[in-house]
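1. coords please:
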Amino acid sequence: MADPLSIIGICAVALKAVVQAKDFVENIHRAPSLVQSIADDLKAIEGLLRELGTLLEGTDLATHAAIKRWVQTAQTSCEEIMKEVNKLIRPYTTRDKAADITIWKRFSFTFRSSGVAKLQRDMASCKQTLNLAITCASL
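-> This next block holds a predicted model:
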């Protein structure tokens, strides 16, 4: 059987990764709309993780065992998404320490949307995995 604390912990680690990426993207001033759409996807994943965490707190060990693989897959996906967000977006930003803000520093047409397409596919896959876990936990 899956340890309930370990599966809830896995969910918490995934949530932390997504929140860090979302906060970074949301706080970029003058970012192109494509970057803001990434923040919207990250918000959706955050909401799913929060819902799953709440459901997991009220389920039994059998349910935890049944969905452990999906939660682990989601955690791995969330960590990879955070790394990809940093890799794709961070080079296009600069930190204004005096104003304590992050600013988009390049023209938006230099930002390649092809790299974002893979990130968006990864986020869609993560959302599907989380929806499966939520459905299973709700039964």
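
2. Next, the contact list for the residue most central in space within the chain, please.
-> Per CA atoms, centre = their mean, the C-alpha nearest to the average position across the chain is that of residue 18, at 3.3 Å. Residues in contact with residue 18 (CB atoms under 8 Å, 6 or more residues apart in numbering) are 42, 45, 46, 49, 78, 81, 82. Glycine gets a C-beta too; all of them are placed from N, C-alpha and C.

3. ok, 6 Å please
-> 42, 45, 46, 78 (CB atoms under 6 Å, 6 or more residues apart in numbering).

4. In helices, which of these appear?
-> 42, 45, 46, 78 (DSSP state H).

5. Of those residues, just say which sits nearest to residue 134.
-> residue 45 (12.0 Å; CB to CB).

6. What count of nearby residues applies to that closest one?
-> 26 (other CB atoms under 10 Å).

7. Sticking with the residue lying farthest from the centre of the chain, tell me its helix or strand.
-> The centre of the chain is farthest from one residue, residue 98, which by CA atoms, centre = their mean lies 29.0 Å away. Under DSSP states H and E, no helix or strand contains residue 98.

8. how far away is it from residue 31?
-> Relative to residue 31, residue 98 is positioned 20 Å away (CB to CB, to the nearest Å).

9. returning to what we had before: what's the per-residue pLDDT of the residue farthest from the centre of the chain here?
-> pLDDT recorded at residue 98 is 83.

10. again with residue 136
-> pLDDT recorded at residue 136 is 86.

11. circling back to that earlier point, of the ones in helices among the contacts of residue 18, closest to residue 113?
-> residue 42 (17.0 Å).

12. quick one, phi psi at the nearest residue to that closest one once chain neighbours are set aside?
-> Excluding the flanking residues, the one nearest residue 42 by CB to CB, 6 or more residues apart in numbering is residue 22, at 3.8 Å. Dihedral pair for residue 22: phi -60, psi -50, per degrees, to the nearest 10.

13. check contacts around residue 22.
-> 39, 42, 46.

14. try 7 Å
-> Contacts of residue 22 were listed using CB atoms under 7 Å, 6 or more residues apart in numbering, and they are 39, 42, 43, 46.
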